[in-house]
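Student: let's see this in three dimensions:
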Amino acid sequence: MRGPLVVMAHWRTTEAALGDVLAHVAELRAASLAEPGCLGYDVFRAIDAPDTLLLLERYRDAAALESHRQSPHYAALVVGRIVPLLAERRVEVLQAREPG
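Tutor: Here you go, the predicted model:
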């Protein structure tokens, strides 16, 4: 894939784990924004489902996304701490395309 990529990570946790997940996500966001290939990292919380988060991440290209996924902070925070606290996880990778 060429060009910028957008990652939409849909995470649902439990009410009991929400505080821990939010704390880990804050740490993850800061570390991710320090990566040279990360163009943006926003975290949204659903108004009607407060245990549901949407992470909207932007990366320069596929290599930058792969570098993010191989980073020590991804392994420690996402794989090691966050995923075990999630009830549901869905990740989409998107790239802009010209219509037609």
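Student: where in the chain is pLDDT low?
Tutor: For the chain, the stretches with pLDDT under 70 are 1, 100.
Student: for it, which helix is longest?
Tutor: helix 18-33 (DSSP state H).
Student: distance between that one and the chain's centre?
Tutor: Distance of helix 18-33 from the chain centroid (CA atoms, centre = their mean, to the nearest Å) equals 9 Å.
Student: in it, which residues are buried?
Tutor: The neighbour-count check on helix 18-33 (16 or more other CB atoms under 10 Å) flags 18, 21, 24-25, 28-29, 31-32 as buried. C-beta: built from backbone N, CA, C; applies to glycine.
Student: okay, that helix in CSV with CA atoms only?
Tutor: What follows is helix 18-33, C-alpha atoms only, in CSV (Å, rounded to 0.1, in the frame of the first residue of the first chain):
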residue,chain,number,x,y,z
LEU,A,18,-12.4,1.2,31.7
GLY,A,19,-10.2,3.3,33.9
ASP,A,20,-7.2,1.1,33.3
VAL,A,21,-7.8,1.0,29.6
LEU,A,22,-8.0,4.8,29.4
ALA,A,23,-4.8,5.2,31.3
HIS,A,24,-3.0,2.7,29.1
VAL,A,25,-4.4,4.4,25.9
ALA,A,26,-3.1,7.8,27.1
GLU,A,27,0.4,6.3,27.4
LEU,A,28,0.0,4.5,24.1
ARG,A,29,-1.1,7.7,22.3
ALA,A,30,1.9,9.7,23.6
ALA,A,31,4.4,7.0,22.6
SER,A,32,2.7,6.6,19.2
LEU,A,33,2.7,10.3,18.4
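Student: cool, thanks, signing off.
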